[in-house]
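**Student:** Structure for this input, please:
(chains A and B)
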Amino acid sequence: MSPKARENLTGYLFISPWLIGFFVFTLWPFLRSFYLSFCNYNIVQPPKFIGLANYQMMLFNDDLFYKSLWVTLRYAILAVPLTLVVGVALALLLNLNVKGIAVFRTIFYLPSIVPTVAMTSIFMWILNPQVGMVNRILTIFGITGPAWLSDPVWTPWTLIFMAVWAAGGSMVIYLAGLKDIPQYLYEAATLDGASAWRKMRVITLPMLSPVIFFNLVMSVIGTFQYFTQAFVISNGSGGPEDSTLFYALYMFKRCWKYMDMGYGSAMAWVLFLIVMVSTGLIFQTQKRWVHYGR
Amino acid sequence: MTRFNKILAYIALVCLSIPPMLPLVWMISTSLKTNEQIYTKGEGAATQGFSFVSLIPHPVAWNNYPDSLETIPFMVYLKNTVFLCLCIVIASVVSSAIVAYGFARINFKGSKMWFGIMLATMALPGQVTMIPNFALFRSLGWYGTYLPLIVPAFCATPFYVFLLSQFFKTLPEEMAESAKVDGANEWIIFLRLIIPLSKPALATCALFAFLGTWNDFLGPLLYLSDSSKYTLAYGLQQFVNNPYVNWMQLMAASTLFTLPIIILFFFAQRTFIQGISTTGGK
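**Tutor:** The predicted model follows:
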């Protein structure tokens, strides 16, 4: 065997664990679920081809499909920008060079490592309408707090609060980004007499934009797969009045409650297309606001 | 910064620290209270105002902790969770390191293409492969066992492969070259040279794998059927959604479920932060 062929063989041997996993647990299921999306399939019996019926049903005959899309989209529109702004603001604040700042960084970071199920149960408790912490605080200001978990108007907000509470997780990434901004840019700006506000607008934010962009893409992808919090808060039902019926939760119900795996596969592929299109669109805007290089 | 600005900054920092800490303090406070301390005046009564004094349980009801261990079979779930974490951490870190070495240090044909494909799969929503994978594991008779959760971990995790390969690339080439001259093959270089130098990066991956498994809800929900096999995350959810839930006990259990993660964070703070910072990687 020639040395080059030998090297190729060694390389493939080293990556073989991933390669096998890729074919068995990713590529094959990926193609298979595309086929299943055109089938009637309940896992027990073999799939039966039914053409476009699943997609037709989804687009023209399923109000819950649109409802779940709306629930997910509404959350994305509110929670994604909110957590982004809070994350950046916290990073700017915690980039201050004062004694003991590490303690504050830890405090803001801690919520994001609380396990999701524990976090959701804590929020269900502090938002208890009678004895919960939040409504008690509101009482001080003479406000009667709403029934956060049983009023469909307020349940989405419960989930948004939770996301903002854990926004410290992305703060660490922004902090690392801030540390990478060369100091001489600020020194030059100071010499030119730039105000703090102007430095932030023309140096900090543009230099941070690649990190913001990365986080934006990841959280949009994450939102369409948002599941655990919605499941726990509604006991898997997506209620009250389907106000927490996120797309991934509805798909789960279709598959594992009604054993409608063909329909679920069609939903999975629509999800895939939505994620592709929306990340594609975000990438399109990249040129206008993301600055690479120095 | 002037002295005045500094004081202003501290005041802002302290005030802003209240919202992130308060829910956790409330959790611990509830976990140490008696029924009467929480439902004063009985349920349905007008909501009482909030005060910091009311956070301090008096008397302290320690019994919520042993009681919660009884109500949810906490120790059984803990044992299952730790077992799963160990298996998945070892499987995914070892396999990811091997794959990462292949991508980072061996110049084989198609290496760039496969690496690109691997990165692309990270953006693929898990829902797309969920149903066929479930059908596959079910037909193998693995439903109700830990195998569907553990076996895929042996096939490397793209994110860890990415992190480790970035790290392996920074290690100097010369030592590996001279080892090759001495007759060492790639496997020996990987084991004897690269692995000992890569402990921080490996620790980061192990940490992520541990957190991911500790936190995982969907996996156990899909594949576990017998309550004696439940993990903490799944078991806790069953407890939360019990209509007769005892909140004092639930908060005690939530505290016990969260505490190991917080302790781990304090011991491995550096590993945490480094790992997460590279996530936003350039």
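
**Student:** low-confidence ranges in the stretch 51-200 of chain A?
**Tutor:** Under the criterion pLDDT under 70, no range of the stretch 51-200 of chain A is flagged.

**Student:** Tell me the secondary structure at the residue nearest in space to the middle of chain A.
**Tutor:** In chain A, the residue lying closest to the centroid (C-alpha atoms, centre = their mean) is A:Gly222, at 2.7 Å. Classification of A:Gly222 using DSSP: H, G, I helix; E, B strand; the rest coil returns helix.

**Student:** How much space separates it from A:Leu216?
**Tutor:** Taking C-beta to C-beta, to the nearest Å as the measure, A:Gly222 falls 11 Å from A:Leu216. From N, CA and C alone the C-beta is placed, and that goes for glycine too.

**Student:** repeat for B:Ser178
**Tutor:** Distance, B:Ser178 to A:Leu216, by C-beta to C-beta: 45 Å.

**Student:** Tell me the confidence at B:Gly280?
**Tutor:** As predicted, B:Gly280 sits at a pLDDT of 47.

**Student:** no wait, B:Gln249
**Tutor:** 93.

**Student:** Check whether it really touches B:Asn64, as I assumed.
**Tutor:** Yes. With contact defined as C-beta atoms under 8 Å, B:Gln249 counts as touching B:Asn64 (5.4 Å).

**Student:** hmm, the lengthiest helix in chain A touching chain B?
**Tutor:** Looking across chain A with DSSP state H, the single longest helix is helix A:63-94. Yes. Counting by C-beta under 8 Å from any C-beta of the partner chain, contacts between helix A:63-94 and chain B involve A:Leu93.

**Student:** which parts of that helix are buried?
**Tutor:** Buried residues in helix A:63-94, counted by 16 or more other C-beta atoms under 10 Å in any protein chain shown: A:65, A:67-69, A:71-72, A:75-76, A:78-80, A:83-84, A:86-88, A:90-94.

**Student:** What separation is there between B:Leu8 and A:Val98?
**Tutor:** B:Leu8 is 11 Å from A:Val98, by C-beta to C-beta.

**Student:** quick one on the thing from earlier: now do the contacts for the residue nearest to the centre of chain A.
**Tutor:** For A:Gly222, the contact set (C-beta atoms under 8 Å, 6 or more residues apart in numbering or on different chains) is empty.

**Student:** now A:Trp148
**Tutor:** Counted by C-beta under 8 Å, 6+ apart, A:Trp148 has contacts A:Leu127, A:Pro129, A:Gly132, A:Val134, A:Asn135, A:Trp154, A:Thr155, A:Trp157, A:Thr158.

**Student:** Quick one, which of those are buried?
**Tutor:** Among those, those scoring as buried are A:Leu127, A:Pro129, A:Gly132, A:Val134, A:Asn135, A:Trp154, A:Thr155, A:Thr158 (criterion: 16+ other C-beta under 10 Å).

**Student:** quick one: which of these is nearest to A:Val44?
**Tutor:** Proximity of the buried ones among the contacts of A:Trp148 to A:Val44 (C-beta to C-beta) peaks at A:Thr155, which lies at 34.6 Å.

**Student:** does that closest one really touch A:Leu149, like I thought?
**Tutor:** Yes. With contact defined as C-beta under 8 Å, A:Thr155 counts as touching A:Leu149 (6.4 Å).

**Student:** Quick check: neighbours shared by those two?
**Tutor:** A:Ile233, A:Pro240.

**Student:** Could you measure from A:Thr155 over to A:Ala230?
**Tutor:** Distance from A:Thr155 to A:Ala230, by C-beta to C-beta: 9 Å.

**Student:** Determine the residues that are contacts of both of those two.
**Tutor:** Both A:Thr155 and A:Ala230 are in contact with A:Thr244, where contact means C-beta under 8 Å, 6+ apart.

**Student:** burial count for residue 2?
**Tutor:** In the absence of a named chain, chain A is used. The tally of other residues near A:Ser2 (other C-beta atoms under 10 Å in any protein chain shown) stands at 7.

**Student:** if you could check chain B rather than the one you did, that'd help
**Tutor:** Neighbours of B:Thr2 (other C-beta under 10 Å): 7.

**Student:** same thing with A:Asp192?
**Tutor:** A:Asp192 has 9 neighbours, counted by other C-beta under 10 Å.

**Student:** swap in B:Lys199?
**Tutor:** B:Lys199: 10 neighbours (other C-beta under 10 Å).

**Student:** Now do the contacts for it.
**Tutor:** Taking C-beta under 8 Å, 6+ apart as the definition, B:Lys199 has no contacts.

**Student:** does the host helix or strand of A:Thr158 come close to chain B?
**Tutor:** Here A:Thr158 sits within helix A:155-165, counting by DSSP states H and E. Yes. Applying C-beta under 8 Å from any C-beta, one finds helix A:155-165 in contact with chain B at A:Trp165.

**Student:** tell me which strands and helices that helix is in contact with?
**Tutor:** Contacts defined by 3 or more C-beta pairs under 8 Å, 6 or more residues apart in numbering or on different chains; DSSP states H and E place helix A:155-165 against helix A:63-94, helix A:116-126, helix A:228-233, helix B:3-31.

**Student:** Now with 7 Å, please.
**Tutor:** Helices and strands touching helix A:155-165, as assessed by 3 or more C-beta pairs under 7 Å, 6 or more residues apart in numbering or on different chains; DSSP states H and E, comprise helix A:63-94, helix A:116-126, helix A:228-233.

**Student:** For chain B, which residues score under the pLDDT cut-off?
**Tutor:** B:1, B:40-47, B:275-282.

**Student:** Which positions in the stretch 151-282 of chain B make contact with chain A?
**Tutor:** Residues of the stretch 151-282 of chain B lying close to chain A (C-beta under 7 Å from any C-beta of the partner chain) are B:152, B:154-156, B:161, B:186, B:214-215, B:217-218, B:233, B:236-237, B:240-241, B:247, B:250-251, B:254, B:257-258, B:261-262, B:265, B:273, B:276-277, B:279-280, B:282.

**Student:** what's the nearest residue in space to A:Ser219 that is not next to it in sequence in contact with, if anything?
**Tutor:** In space, A:Ser219 comes closest to A:Val80 once its chain neighbours are excluded; the distance is 5.1 Å by C-beta to C-beta, 6 or more residues apart in numbering or on different chains. Under the criterion of C-beta atoms under 7 Å, 6 or more residues apart in numbering or on different chains, the contact list for A:Val80 reads A:Ser219, A:Val220, A:Thr223.

**Student:** Going by secondary structure, the first one is in what exactly?
**Tutor:** Right, A:Ser219. helix A:205-224.

**Student:** Now do the buried residues in that helix.
**Tutor:** Per 16+ other C-beta under 10 Å, helix A:205-224 contains these buried residues: A:207-221, A:223-224.

**Student:** tell me the pLDDT at the residue lying closest to A:Ala76 once chain neighbours are set aside?
**Tutor:** Spatially, and ignoring its direct neighbours in sequence, A:Ala76 is nearest to A:Thr223 (4.4 Å; C-beta to C-beta, 6+ apart). If you check A:Thr223, the pLDDT there is 92.

**Student:** Could you pull up phi and psi at A:Cys39?
**Tutor:** phi -130, psi 160 (degrees, to the nearest 10).

**Student:** Look up how far B:Lys112 lies from B:Cys155.
**Tutor:** 21 Å.

**Student:** quick one: which of these two has more around it?
**Tutor:** B:Cys155 (23 against 10).
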